[in-house]
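Chemist: 3D model of this:
(one chain, ligands or ions: 1)
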Amino acid sequence: MEYIQIAIDGPAGAGKSTIAKKIAKCLDITYIDTGAMYRALTYKVLVNNVDIYNEEEIIKLARESDIKFFQENIYLDNQKVNEEIRSIEVNKNVSYVAKIREVRLILVNLQRKIALDQDVIMDGRDIGTHVLPNARLKIFLTASVEERATRRYTELKGKCNDISFNEIKKDIINRDKIDSERKSAPLVKAEDAIVIDTTGLSIDDVVEKIIDLLRGE
Ligand code: C5P
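Modeler: This is a model prediction of the structure:
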């Protein structure tokens, strides 16, 4: 039996996870947030006070880690870490962890295993190019840096008072740069991906567009 695979890639804050989650609900398929996996490992690196440039130690931690999803939650070594992985510290450091080739091999392996026996929509940076190269539909979601930073700012403002718009914008630009310039599976549009620029579009507009594409309309 062939399972449905949908790949959503794009830069930081383009709305990938919000949109992928909605589509997953609509189609009753599994949503996999691959960024959460890199974030969970980064959280572990920080908790263990491992230097972010110490690749050897980080790879060792990656090999020892148990990262899994259960009912829309992410677990690191059996601890639910949904909130912890969204911290400013994790944001600042995750791209350094994600650019390590061996780390990617371990997490990509897990991601492919999840997609083996169920219908999935997966979002990340390398899903269409690398993790699921035969996905039925590949979307590259983007939006202007200004708009992406504004959305993140609005989202975080309620939760955390001491974050400035400029700090968020800087973080987004920096992550995009590291993610696009790394050697191993960089952030790049797959040749057969469809680009959707979400600047000025509502979440529901984008969801509808993607569902139409899936139906071949
Ligand atoms: O999607 P999110 O912004 O949560 O991803 C956090 C980080 O994880 C990205 O900035 C990137 O460094 C890394 N990532 C990746 N490959 C993926 C998903 C995320 O390198 N497939």
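Chemist: from now on I want contacts and neighbour counts done on CA atoms only, so please keep to that.
Modeler: Will do.
Chemist: what residues does this structure put near the ligand?
Modeler: Counting by C-alpha under 6 Å from any ligand atom, the positions of the chain adjacent to the ligand are 12, 34-36, 38-39, 94-95, 98, 124-127, 175, 179.
Chemist: quick one: which of those sit in helices?
Modeler: Among the residues of the chain next to the ligand, DSSP state H puts 34-36, 38-39, 94-95, 98, 175, 179 in helices.
Chemist: as CSV, the residues you listed with neighbour count and pLDDT would be great.
Modeler: Listed next are these as CSV, based on neighbours: other C-alpha atoms under 10 Å; pLDDT from 0 to 100:
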residue, neighbour count, pLDDT
T34, 20, 98
G35, 18, 98
A36, 23, 98
Y38, 24, 98
R39, 24, 98
V94, 23, 98
S95, 22, 98
A98, 24, 98
R175, 19, 97
D179, 24, 98
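Chemist: K68 is in contact with L76, isn't it?
Modeler: Yes: in this structure, K68 is within contact of L76 by C-alpha atoms under 8 Å, at 6.8 Å.
Chemist: lowest average confidence, helix or strand, in the chain?
Modeler: The weakest-scoring helix or strand in the chain, judged by mean pLDDT, DSSP states H and E, is helix 145-157 (a mean of 90).
Chemist: helices or strands next to it in the packing?
Modeler: Contacts defined by 3 or more C-alpha pairs under 8 Å, 6 or more residues apart in numbering; DSSP states H and E place helix 145-157 against helix 165-181.
Chemist: the helix it packs on: which residues count as buried?
Modeler: 165, 168-169, 171-173, 175-176, 178-180 (16 or more other C-alpha atoms under 10 Å).
Chemist: using TSV, lay out those residues together with distance to V207.
Modeler: Compiled in TSV, those are given as follows (distance: C-alpha to C-alpha, whole Å):
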residue	distance to V207
F165	27
I168	25
K169	25
D171	26
I172	23
I173	25
R175	25
D176	24
I178	28
D179	25
S180	25
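Chemist: can you tell me which of these is nearest D204?
Modeler: I172 (23.7 Å; C-alpha to C-alpha).
Chemist: how far away is the closest one from M1?
Modeler: For I172, the distance to M1 (C-alpha to C-alpha, to the nearest Å) stands at 40 Å.
Chemist: and what of L27?
Modeler: In terms of C-alpha to C-alpha, L27 sits 18 Å off from M1.
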